[in-house]
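Participant: below are the sequence and a predicted model; questions follow.
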Amino acid sequence: MTADLRPPANRMAIALLSLAGAFVAFYLFAHALGWTGPIVCGVGDCATVQASSYAKVGPIPVAAIGLAGYMFLLGMALLGLQPAYAASRVVSGALVAASSVALAFSAYLTYLEAAVIHAWCQWCVVSAILVVLIFLFSLPEVGRLRQSPARGHP
Amino acid sequence: MTRFYWVLAAVAVVGMIVVGYGLSGGGSAATEPVDLAGVEEDMGALISLAQGITLGDENAPLTIAEFGDYQCPGCREFSLGVKPQLDFAFVQKGLVKFVFYDFPLISIHAHAFLAARASRCALDQGKYWEYHEALFTNQSRWAGMSEVVGTFVGYAGEVGMDEDEFGTCLRSDKYADVVTANMRLAMELGLTGTPTVMVSQGQGMARRVQRYDFPSIQAVVEEMLAQGGN
């Protein structure tokens, strides 16, 4: 029996979705830093959401946390596409863990928009959708984790 | 695999275009406070930027200042019910000048900041007080809307302004700094609600009127006038 050397398609999907999410998060982060003019918000009320006390965790803009998370997912997905890391349990574990944390955090932010702030930000909704998709594409990694570790991979 | 990297590059290019458009401002109306680049640290600079809009004789002995929010029902009541009485009793006689400062309560009033900016755009065309009244008169109509830019432009036309010029102003971030400075000034003064009415004489300490009905303000004004405000 030979190992499947094709790059895992789910990791390609995670990389693409994470890159898109990183741009969304970067835009909101740039806005939080005052680098932009008025926030572009065709749907919803981004200004209310971004001006709320929930737009920051302490001194850190939520968008910065999102940007870091997306960049981490992007990095791990691209790493996992390299033949040497195709069977890496570390990559699989990192993708499952990071996407699970992202899903929980995104669910909490969506709850805040719906039940506390009573306003929706289109960028936050897009990010939430991306996170759900990333989580779904990370599920095959659970199966890889359950397989016995391949020799030569961490 | 190569095709994947081409798709990844395409996503990157699209992302950069979208973010670039956003960073350039995107042409939408400023609906929230902006960074004042340290102006708020200097009270003198803050007061200078946060210019209230004056009605009446600049040299009147007393000043009635209102910190108001266009989406606040109490401010509507004050503006349409009490202010005309103050105008008739004191402002038109040169005894008092009335100054309106913006204090949009953005945490509870989604359109208050934009409304304040809109009123400043109206000042550009010399229709500030007409527009001020139009916003309060129609408050119950626009307060519940999800999108108000078009409605605000429509009110501009109704009070005789050039809608295109007004719309250009509104769909920018013009006066976002001035309105933000007004808000910061109100916060520095420790104000927490609207309308807040204060009466002052010359450069003296402002006296806050606890209630915003006409008799309460009248009593304070007449007392201060009797104490030497002419």
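Facilitator: Arrived safely, thanks for sending. Numbering: from 1, shown residues only, chains lettered A, B, ... in the order given.
Participant: quick one, what contacts the one residue sitting closest to the centre of chain A?
Facilitator: For chain A, the residue sitting closest to the mean C-alpha position, by Cα atoms, centre = their mean, is A:Tyr70 at 4.2 Å. Each residue near A:Tyr70 by Cβ atoms under 8 Å, 6 or more residues apart in numbering or on different chains is listed here: A:Ser18, A:Leu19, A:Gly21, A:Ala22, A:Ala25. Placement of C-beta: from N, CA and C, glycine included.
Participant: state the pair within those residues that is farthest apart.
Facilitator: Within the contacts of A:Tyr70, A:Leu19 and A:Ala25 form the most distant pair, 10.8 Å apart (Cβ to Cβ).
Participant: returning to what we had before: for the contacts of A:Tyr70, which one is nearest chain B?
Facilitator: A:Leu19 (5.1 Å; Cβ to the nearest Cβ).
Participant: pLDDT value on the closest one, please?
Facilitator: In this model, A:Leu19 is scored at 96, pLDDT.
Participant: wait, a strand at B:Val197?
Facilitator: Yes: assessed with DSSP: H, G, I helix; E, B strand; the rest coil, B:Val197 lies in a strand.
Participant: helix or strand next in line after the helix or strand of chain A with the lowest mean pLDDT, which one?
Facilitator: When each helix and strand of chain A is scored by mean pLDDT, DSSP states H and E, helix A:46-51 comes last, with a mean of 69. Proceeding N to C from helix A:46-51, the next assigned helix or strand is strand A:56-57, under DSSP states H and E.
Participant: quick one: low-confidence ranges for chain A?
Facilitator: Scanning chain A for pLDDT under 70 picks out the ranges A:1-6, A:34-39, A:41-42, A:44-45, A:47-48, A:51, A:148-154.
Participant: what segments of chain B are strands?
Facilitator: With DSSP state E as the criterion, chain B has strands at B:53-55, B:62-68, B:96-102, B:196-201, B:207-209.
Participant: any chance of these in a markdown table, with mean neighbour count and mean pLDDT too?
Facilitator: Formatted as a markdown table, the strands of chain B follow (neighbours: other Cβ atoms under 10 Å in any protein chain shown; pLDDT from 0 to 100):
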| stretch | mean neighbour count | mean pLDDT |
| --- | --- | --- |
| strand B:53-55 | 17 | 96 |
| strand B:62-68 | 24 | 95 |
| strand B:96-102 | 23 | 96 |
| strand B:196-201 | 21 | 94 |
| strand B:207-209 | 16 | 90 |
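Participant: please identify which of those strands is closest to A:Val142.
Facilitator: strand B:96-102 (54.3 Å).
Participant: pull up the pairing partners for that closest one, direction included.
Facilitator: strand B:53-55 (antiparallel), strand B:62-68 (parallel) (DSSP bridges).
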